[in-house]
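[1] this is a predicted model, with the sequence first.
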Amino acid sequence: MKQISVAIVGAAETTNMGKIPNQSVIGLHADAALNAIHDAGLTAKDIDGVATAGESPVELAHYLGITPTWADGTSVGGCSFMLHVRHAAAAINAGLCNTVLITHAESGKSRVGARKFGRDPASQMGQFEVPFGVTSPPTMFTIPVLRYMKEMGVTVEDLATVAVIQREWAAKNPRASYRDPITVDDVLNSSMIAWPFTKLMCCLVTDGGGALILTSAERAKDFPQKPVYILGTGESVETPMVSQMADFTTSKAFRVSGKKAFDEAGIKHADVDHLMIYDAFAHLPLYGLEDLGFVKRGEAADFIREQNTAIGGKLPLNTNGGGLSYMHSGMYGMYALQESVRQMRGIAPAQVPNAKISIAHGVGGMFGASGTIIFSNEAP
Amino acid sequence: MADYPRPLPVPTPETQAFWDGCLAGELRLQKCDACAHTYFPPRDFCPACSGRKVTTFKASGKASLYSYIINHRPRPDFGTEPHSIAVVTLAEGPRMMTNIIDCPQTPDALQLDMALEVAFEKASETIALPKFRPVKG
């Protein structure tokens, strides 16, 4: 289904980001939601569709005093919000609801009212991965990269370069957690987390959230903000266990989701002005550029090293600084969507001049799931 | 053994034969009777063709190193030294997560595609974990 009749009319992050010890997870959801509802010029009573991940949409709706006619609790990790956008667009097109609120929030750093970590030891992961020492993403998401590096001739300096260039973008964003310039040596000399990943190749752990409001493109013209139209969407899932990913050099979920979104939008790669690729770790933009088809397999590291994704490059990538430097509360996909919306509204701190098409591509779990949203600020 | 500190698997009906095999010193895989696909983790049907007739068999225990990390984050249950978390490709085709043992936990010693063989590490009365070590030669 083409999603061309739906637009983002409200978008906001939490009032504070970084370390927020005085708000719980559900409190942060509400803060982001109220900011986005205000941004759209609405009240909570105007919302008739809700979607969120991590928390239940039941909890979200009740907390905000919303009685929806549509709810989506798809929770497939950090790209869940891309899937929510996709599902919400379909729901609005089908007449299931008119005005959808999508929220994300986590108390990733302060852990106020946050769920406990841990896997059921009888789950597949509990049986076939956890006993070998994996705990959190730094010991799981990182495992494929040595195979990728060997097959593609990529070096640790290439991984470090991803973090260096994203820090250059972060420096232009007042809300970014880390803004001081870094060098490849700084990255390589930061503390070893999981060979070959050093600390500066890994995402931040912060508190915060964000929310979006969607409605039909027809109604969108009457809202106070410049509408950001949805041109195409994609989603897929592959595996709950990184060890069972079919090929460690490419993500099947990325390829399927990306192709679906491009097919729906009917655009070419050369049409894309701005790109967000969820960077939980420094290798994710490499996989994303290749699996979305912006470069051929094995060419992403060269493409980044040659400054194509940097300030002034032909494909500005992760212009908020990404999960590596901007913020990462646990499920970063919402922040990628927020930056795409800012770029399409023309209000991003590191605004790409005349950008008309932006893509936000997310990952969920450890290459487990994927969602892709193609936006435009021009009505299709 | 009694104070083995790490989280241990709890088998389910679909995986019990695999864990029984590990305790008996056998790495057990499953093969589809209809399409001959060999797969892991265990389940009572073929993930390639959905066939419900599958046969459990003893695998060779031979493997090669597909990819890994060396975890430097403190893990009280894994001691204080950095340790490998690896994915190996079994000779029969499927991949599994494991640790590489009897080998320095360094990038020099852990070379991708190196030949490995299974070695079972008893962790409790009911659980032995399949680890892999370099083939001497």
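    All right, it came through fine.
[2] for residue A:343, which three-state class applies?
    Under DSSP: H, G, I helix; E, B strand; the rest coil, the three-state class of residue A:343 is helix.
[3] wait, isn't it in contact with residue A:354?
    No: Residue A:343 is beyond contact range of residue A:354, at 10.7 Å (criterion: C-beta atoms under 8 Å). To be clear about C-beta, it is placed using only N, CA and C from the backbone, and glycine gets the same treatment.
[4] so what's the spatially most distant residue from the centre of chain B closest to, chain neighbours aside?
    Computed with C-alpha atoms, centre = their mean, the maximum C-alpha offset from the centroid of chain B is found at residue B:34, amounting to 25.3 Å. Of all residues not flanking residue B:34 in the chain, residue B:51 sits nearest, at 3.9 Å (C-beta to C-beta, 6 or more residues apart in numbering or on different chains).
[5] hmm, the one you found is touching residue B:31, no?
    No: using C-beta under 8 Å as the test, residue B:51 is too far from residue B:31 to be in contact (10.4 Å).
[6] so for those two, which residue has more residues nearby?
    residue B:31 (17 against 14; other C-beta atoms under 10 Å in any protein chain shown).
[7] against residue B:131, how distant is the residue nearest to that one when sequence neighbours are not counted?
    Spatial nearest neighbour of residue B:31, chain neighbours left out: residue B:38 (4.8 Å); criterion: C-beta to C-beta, 6+ apart. Between residue B:38 and residue B:131 the computed distance is 21 Å (C-beta to C-beta, to the nearest Å).
[8] the longest strand anywhere in chain B vs chain A: in contact?
    Using DSSP state E to define each element, chain B has its longest strand at strand B:62-71. Yes: applying C-beta under 8 Å from any C-beta of the partner chain, one finds strand B:62-71 in contact with chain A at B:66, B:67, B:68, B:69, B:70, B:71.
[9] same question for stretch B:92-104.
    Yes: using C-beta under 8 Å from any C-beta, stretch B:92-104 reaches chain A at B:95, B:96, B:97, B:98, B:99.
[10] show me which of those is closest to chain A.
    residue B:97 (4.0 Å; C-beta to the nearest C-beta).
[11] for that closest one, which residues count as its bridge partners?
    For residue B:97, the beta-bridge partners are residue B:87 (DSSP bridges).
[12] so it sits against residue A:129, correct?
    Yes: in this structure, residue B:97 is within contact of residue A:129 by C-beta under 8 Å, at 4.9 Å.
[13] of those two, which one has the most company?
    residue A:129 (28 against 25).
[14] wait, is residue A:104 part of a helix?
    No: if the criterion is three-state DSSP, then residue A:104 is strand and not within a helix.
[15] ok, it - contacts?
    A:29, A:32, A:52-54, A:80-81, A:209-211, A:329, A:331, A:333-334 (C-beta atoms under 8 Å, 6 or more residues apart in numbering or on different chains).
[16] so which of those comes closest to chain B?
    Of the contacts of residue A:104, the one sitting nearest to chain B (C-beta to the nearest C-beta) turns out to be residue A:329, at 19.9 Å.
[17] residues touching the closest one, list them.
    Residue A:329 touches A:104, A:105, A:106, A:107, A:108, A:109, A:205, A:206, A:207, A:208, A:209, counting by C-beta under 8 Å, 6+ apart.
[18] in ChimeraX, select just the buried ones from the contacts of residue A:104.
    Those of the contacts of residue A:104 that count as buried under 16 or more other C-beta atoms under 10 Å in any protein chain shown are selected in ChimeraX with:
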select /A:29,32,52,53,54,80,81,209,210,211,329,331,333,334
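[19] so for the contacts of residue A:104, which is the shakiest by pLDDT?
    Here the lowest pLDDT out of these sits on residue A:329, with 87.
[20] so that residue: helix, strand or coil?
    coil.
[21] would you map the helices across chain B?
    B:16-23 (DSSP state H).
[22] residue A:343 and residue A:354: who's more crowded?
    Between residue A:343 and residue A:354, counted using other C-beta under 10 Å, the more crowded position is residue A:343 (28 against 7).
[23] sketch out the strands for chain A, chain order is fine.
    A:6-13, A:49-52, A:70-72, A:100-107, A:192-195, A:197-198, A:207-216, A:228-237, A:274-277, A:357-364, A:369-376.
[24] redo these as CSV? Include distance to residue B:126.
    Shown next, in CSV, are these (distance: least, C-beta to C-beta, whole Å):
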stretch, distance to residue B:126
strand A:6-13, 49
strand A:49-52, 40
strand A:70-72, 41
strand A:100-107, 37
strand A:192-195, 30
strand A:197-198, 35
strand A:207-216, 41
strand A:228-237, 33
strand A:274-277, 44
strand A:357-364, 34
strand A:369-376, 33
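[25] for burial, what's the neighbour tally of residue B:108?
    Residue B:108 has 6 nearby residues by other C-beta under 10 Å.
[26] no, scratch that, I was asking about residue A:374
    With other C-beta under 10 Å as criterion, residue A:374 counts 26.
[27] for residue B:52, same thing?
    By other C-beta under 10 Å, neighbour count at residue B:52 equals 11.
[28] who's in contact with it?
    B:44, B:45, B:46.
[29] equivalent analysis for residue A:97, please.
    A:48, A:49, A:68, A:69, A:70, A:88, A:91.
[30] show me which of those residues are buried.
    Buried, going by 16+ other C-beta under 10 Å: A:48, A:49, A:68, A:70, A:88, A:91, out of those.
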